[in-house]
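Peer 1: build me a structure from this.
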Amino acid sequence: MSFSGLIGNEHNKQILQRFLRRKNLGMTLIFAGPEGIGKRQFALTLAKVANCQNLPETNDDSCDICPTCQRIQAGTYSDVVTIQPDGTYIKIAQTRELINDVQVRPREGRQRFFLIDEADRLREEAANSLLKTLEEPPATSTIILLTARPDSLLSTIRSRAQKLNFAPLPTPEMEKYLASRFQLATPDARLLALLTGGRIGQATTIDLTEYRRERRELLELMDLLATGNNKHRLLKAAEHYGKQERDAYERMILLFLNLLRDIFLIAASGSIENIVNIDVADRLSLLAEKIGIAQLTKWIKKFDELRFNLRININRQIATESAFIGLAN
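Peer 2: Predicted structure coming up:
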């Protein structure tokens with residue numbers, strides 16, 4: 001994707017294009033913003049413009065069709081290197097290799113790019129080893145630290161880099177983009193815009209058909225919990241969810257909590273204005289009336305506990321049975 005194809009964060013786009021026009025790319029940048037917001041795509045686009053085979057001297061955008069642009073986007077271009085955490089952290093062996101690589105001139109193009117994913121996961125020793133390189137990279141090397149938690153970076157790193165903050169797209173703009181980009185009907189584009197919170201990178205990770213199926217099951221579960229008169233079905237539901245793999249189980253808890261948030265907003269304000277699941281607003285309103293704020297508060301607390309206890313490797317089926325029966329009483 002070229003700069004002209006990127007949506008949102010126009011100020012950052014202008015800054016990067018100004019760097020390109022000045023031919024001043026021997027620097028360290030921090031791209032900060034929530035996960036899935038498009039930081040990495042901005043970094044790849046910058047690398048494409050700097051190395052595009054069809055770039056006229058007066059232009060500051062990529063063609064997106066030459067072999068170089070296509071290989072950078074595909075992650076197969078030798079002058080664009082990605083460093084990712086090895087397990088939990090980015091380790092000093094990785095940063096030592098990076099320090100050496102940064103000094104090497106471009107192998108194929110005009111400018112080398114080093115993208116450090118989840119840069120906040122640099123171990124302190126590894127981060128300290130990078131300081132001199134970050135402060136004075138060669139003119140032909142650009143280092144970009146990508147992070148959703150910039151405050152977790154060492155202050156000595158933050159002081160050696162220029163930070164660009166990336167923000168989510170406003171919902172109407174995101175909705176319009178999704179409808180055009182993925183040929184979505186207006187209700188689907190609206191729901192996806194709200195689910196992603198304006199984070200473009202997350203749009204391709206959500207299957208709305210599957211999302212609606214999972215949501216429908218949880219809304220039925222909420223009806224069961226609210227009436228509390230069918231313990232057998234609640235135990236069957238607990239068995240079903242308790243046997244799921246950890247990731248699927250956590251996804252269920254997060255979706256349940258997101259639905260509870262919507263229901264709580266309706267119960268507290270009497271309005272559907274700020275809810276996410278706008279396409280099932282009528283059903284959520286009925287649940288808000290049926291459950292009430294006091295019970296909703298208990299439900300939210302219990303599912304927060306379930307999510308927290310995943311860290312200690314709980315028996316998911318027993319914990320789920322206990323939660324469901326406890327909430328139904």
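Peer 1: from here on, contacts and neighbour counts on C-alpha atoms
Peer 2: Will do.
Peer 1: so Leu145 bridges to which residues?
Peer 2: Ile30, Ile116 (DSSP bridges).
Peer 1: show me where pLDDT drops low in this structure?
Peer 2: Residues of the chain that meet the criterion pLDDT under 70 lie in 56-59, 329.
Peer 1: what number of residues lie near Ile15?
Peer 2: Ile15: 11 surrounding residues under other CA atoms under 10 Å.
Peer 1: can you give me the distance of it to Thr320?
Peer 2: To Thr320, Ile15 is 50 Å away according to CA to CA, to the nearest Å.
Peer 1: next one: Asn128
Peer 2: 45 Å.
Peer 1: which stretches in the stretch 101-250 of the chain count as strands?
Peer 2: Counting by DSSP state E, counting those that start in this stretch, the stretch 101-250 of the chain has strands at residues 112-116, 141-147, 162-165.
Peer 1: gap between the last one and the chain center?
Peer 2: For strand 162-165, the distance between its averaged C-alpha position and the chain's averaged C-alpha position is 18 Å (CA atoms, centre = their mean, to the nearest Å).
Peer 1: just list what that strand packs against, helices and strands only.
Peer 2: Applying 3 or more CA pairs under 8 Å, 6 or more residues apart in numbering; DSSP states H and E, one finds that strand 162-165 contacts strand 28-32.
Peer 1: convert the C-alpha atoms of the strand it packs on to PDB, please.
Peer 2: Output of strand 28-32 as PDB, limited to C-alpha atoms (Å, rounded to 0.1, in the frame of the first residue of the first chain):
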ATOM      1  CA  THR A  28      15.600   6.300  14.700                       C
ATOM      2  CA  LEU A  29      11.800   6.600  14.900                       C
ATOM      3  CA  ILE A  30       9.200   5.400  17.400                       C
ATOM      4  CA  PHE A  31       5.800   4.500  16.000                       C
ATOM      5  CA  ALA A  32       3.500   4.400  19.000                       C
END
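Peer 1: tell me what the longest helix anywhere in the chain is packed against?
Peer 2: Longest helix of the chain, by residue count under DSSP state H: helix 281-309. When contacts are defined as 3+ CA pairs under 8 Å, 6+ apart, helix 281-309 packs onto helix 208-227, helix 246-269, helix 316-328.
Peer 1: name the residues that touch the last one?
Peer 2: Yep, that's helix 316-328 we're talking about. The contact list for helix 316-328 (CA atoms under 8 Å, 6 or more residues apart in numbering) reads 224-229, 231, 234-235, 238-239, 241-243, 298-299, 302-303, 306.
Peer 1: tally of neighbours for Leu286?
Peer 2: 14.
Peer 1: quick one: residues contacting Asp64.
Peer 2: Shown in contact with Asp64 (CA under 8 Å, 6+ apart): Met1, Ser2, Lys48, Cys52, Gln70.
Peer 1: got TSV for the helices and strands packed on helix 281-309, with distance to Leu145 and mean neighbour count too?
Peer 2: What follows is those, written out as TSV (distance: least, CA to CA, whole Å; neighbours: other CA atoms under 10 Å):
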stretch	distance to Leu145	mean neighbour count
helix 208-227	32	15
helix 246-269	28	18
helix 316-328	37	18
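Peer 1: which of those helices sits closest to Pro106?
Peer 2: The closest of these to Pro106 is helix 246-269. By CA to CA, the value is 40.8 Å.
Peer 1: starting at the chain centroid, how far to stretch 147-161?
Peer 2: Worked out by CA atoms, centre = their mean, stretch 147-161 lies 19 Å from the chain centre.
Peer 1: show me which residues of it are buried.
Peer 2: The neighbour-count check on stretch 147-161 (16 or more other CA atoms under 10 Å) flags Thr147, Ala148, Pro150, Leu153, Ile157, Arg158, Arg160, Ala161 as buried.
Peer 1: now the fourth one. Nearest residue, chain neighbours left out?
Peer 2: To tie it back to what came earlier, the one meant is Leu153. Nearest residue to Leu153, sequence neighbours excluded (CA to CA, 6 or more residues apart in numbering): Asp120, at 5.1 Å.
Peer 1: one more: the fifth one?
Peer 2: The spatially closest residue to Ile157, leaving aside those adjacent along the chain, is Leu131, at 6.5 Å (CA to CA, 6+ apart).
Peer 1: and for the third one?
Peer 2: Distances taken as CA to CA, 6+ apart place Ala32 nearest to Pro150, at 6.0 Å, with adjacent residues excluded.
Peer 1: and that neighbour, what is it in contact with?
Peer 2: Contacts of Ala32 by CA under 8 Å, 6+ apart are Lys39, Leu146, Thr147, Ala148, Arg149, Pro150, Lys163, Leu164, Asn165, Phe166.
Peer 1: go again using 7 Å as the cut-off
Peer 2: Ala32 sits next to Leu146, Thr147, Ala148, Pro150, Lys163, Leu164, Asn165, Phe166 when contact means CA atoms under 7 Å, 6 or more residues apart in numbering.
Peer 1: among these, which one sits closest to Arg261?
Peer 2: Ala148 (23.5 Å).
Peer 1: my guess is the closest one contacts Glu35, does it?
Peer 2: Yes: using CA atoms under 7 Å, Ala148 is in contact with Glu35, at 5.9 Å.
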